[in-house]
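Peer 1: Have a look; sequence and predicted model below, questions after that.
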Amino acid sequence: MQTTFLTLFFALFARIAFAIPPACLLHAVNTADAPGDMSAVCGDGAIDIQSYMASNCGNFQDDAQKAFIATCSSAGTVVGM
């Protein structure tokens, strides 16, 4: 019983942990003029946000870029790396 509970707990934790975007992505998006406007963030502002991530995310740049691209894609905008 305990093994099953622990297995389910860690599986749920892993799923939640991977769903959280890197902090540098959140900071990069907050540098936009209108961070709540997905069309602006993923449109004209995407280059600036990606540039910020390239300069400031360090080892988390790849994860941040992937999360940014996935979020923009789910909003209906294509953003490249």
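Peer 2: Done, it's in.
Peer 1: For this protein, give me the ranges with low pLDDT.
Peer 2: Within the chain, the ranges that satisfy pLDDT under 70 run 1-20, 80-81.
Peer 1: try 50 this time
Peer 2: Applying pLDDT under 50 to the chain flags residues 1, 5-6, 9-10, 12-17.
Peer 1: Could you pull out the helices in it for me?
Peer 2: 2-19, 23-30, 38-42, 46-56, 61-74 (DSSP state H).
Peer 1: which outside residues touch the shortest one?
Peer 2: The reference is to helix 38-42. Val29, Ala32, Asp33, Ala34, Pro35, Ile49, Thr71, Cys72, Ala75, Thr77, Val79 (C-beta atoms under 8 Å, 6 or more residues apart in numbering). Where C-beta positions appear, they are placed from N, C-alpha and C, glycine not excepted.
Peer 1: go with 10 Å
Peer 2: Helix 38-42 has contacts (C-beta atoms under 10 Å, 6 or more residues apart in numbering) with 28-30, 32-35, 45-46, 48-49, 68-69, 71-79.
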